[in-house]
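> no FASTA, just this:
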Ligand SMILES: NC(=O)C1=CN([C@@H]2O[C@H](COP(=O)(O)OP(=O)(O)OC[C@H]3O[C@@H](n4cnc5c(N)ncnc54)[C@H](O)[C@@H]3O)[C@@H](O)[C@H]2O)C=CC1
Ligand SMILES: O=C(O)C(=O)Cc1ccc(O)cc1
């Protein structure tokens, strides 16, 4: 029996999900998007079997509907869906980064022959749009489902089996617990990263050395400040309760550490860093497929003319393909860093071994 899936929004997440769901030949995917050019690209890229900019056409025959738009538009779509003709027994889900508000809103809209189950695939990137969609984006990541107390078990298993096609690890969680935990490990860190960048950006107005010397640790801790501002606006506004709660904890903790600095309390400051290091080192390793940035290799390059050409030629002679190349923080008379992105783990390993053999100082970074 064929399953018809309506993917509402075929950007980074909807497009990546569609690519995974297509792996089952019994799934038929109808793409819906406000951007007609995205539908054309989705069809050309083989993401979807059919596409439309008319919502009723997209959902009329659907067994499963997935809302994959920015969070504010998920509310608007749910509202529209509640006025349209849907197949009895349909399952509606979403991929929004926040869950409690959406689940509650859907609960008020739909009657009992329509089941809404919240969803959140916990992997992504700072890119957006249909062009950025990747089939393996969710591999090994967590895919959270947030059913309510009245969700029929067979509907939950059906959705769970479907999203397992992403090769993500499907877990079930209460929507509020999701917002509290994901708020702490994903949403709040976006505030910290952006705040730190803006603070240093302000200092840079007075002294341009801030920007020039900002490498290493600053880049690592602020990577997520390059994410989509519109998306994160919606996320923070939809997780207000936990953002405010965590903001209070943050302010208190910041005062505590600054007090230790003011007192010159070296023992306690060291304990503070040791505690952080212990927890950080116990974090699960990132696994293959969760984030595309995994296949990056960093190479120290002396400032000799032709050095970068030599490196790419060496890799080329062994047919090692690279997908991106970037020079970081290179200035006259200083050691620069070259970042090379490989297509997969295997090519990264081969490239790393080869460059080590030619005595380059190479390293990976988390
Ligand atoms: N970007 C990320 O890393 C992650 C994002 N999410 C969530 O996934 C959702 C989608 O995010 P992305 O795919 O990154 O965004 P995106 O910008 O790549 O894609 C959103 C798509 O929705 C379309 N769209 C916007 N309004 C629409 C409407 N009213 N009707 C139909 N289509 C509409 C856009 O044209 C676009 O194709 C968001 O709710 C976000 O919170 C979840 C996990 C990771
Ligand atoms: O790049 C990262 O580390 C992310 O933060 C990816 C991400 C972004 C949004 C989500 O809702 C889930 C995962």
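On my side now, so go ahead. Because the structure is a prediction, the values reported are computed rather than measured. Ligands and ions are numbered 1, 2, ... in the order given.
> What's the local residue count around the closest residue to ligand 1 within the stretch 51-200 of the chain?
Nearest residue of the stretch 51-200 of the chain to ligand 1 (Cβ to the nearest ligand atom) works out as residue 124 at 1.7 Å. C-betas here are computed from N, CA, C, even on glycine. Residue neighbour count, defined by other Cβ atoms under 10 Å, stands at 23 for residue 124.
> what's the answer for residue 122, then?
Counted with other Cβ under 10 Å, residue 122 comes out at 18.
> what sits against it?
141-144, 168, 182, 186 (Cβ atoms under 8 Å, 6 or more residues apart in numbering).
> The same query, at a cut-off of 7 Å, please.
If you count contacts by Cβ atoms under 7 Å, 6 or more residues apart in numbering, residue 122 has them with 141-144.
> Any chance of JSON lines for these, columns secondary structure, distance to ligand 1 and pLDDT?
Compiled in JSON lines, these are given as follows (DSSP: H, G, I helix; E, B strand; the rest coil; distance: Cβ to the nearest ligand atom, whole Å; pLDDT from 0 to 100):
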{"residue": "141", "secondary structure": "coil", "distance to ligand 1": "9", "pLDDT": "94"}
{"residue": "142", "secondary structure": "strand", "distance to ligand 1": "11", "pLDDT": "96"}
{"residue": "143", "secondary structure": "strand", "distance to ligand 1": "10", "pLDDT": "98"}
{"residue": "144", "secondary structure": "strand", "distance to ligand 1": "10", "pLDDT": "98"}
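> Out of those, flag the one nearest to residue 101.
residue 144 (15.1 Å; Cβ to Cβ).
> Let me see the contact set for the nearest residue to the closest one once chain neighbours are set aside.
Leaving out its chain neighbours, the residue that sits closest to residue 144 by Cβ to Cβ, 6 or more residues apart in numbering is residue 120, at 4.5 Å. Residue 120 makes contact with 95-97, 99, 144, 178 under the criterion Cβ under 7 Å, 6+ apart.
> If we check ligand 2, which of these are in contact?
Near ligand 2, judged by Cβ under 6 Å from any ligand atom, the entries from the contacts of residue 120 are residue 97.
> Nearest to residue 91 among the contacts of residue 122?
Closest approach to residue 91 among the contacts of residue 122 (Cβ to Cβ): residue 143, at 14.9 Å.
> For residue 63, see how far away the closest one is.
19 Å (Cβ to Cβ, to the nearest Å).
> Thank you kindly, that will do.
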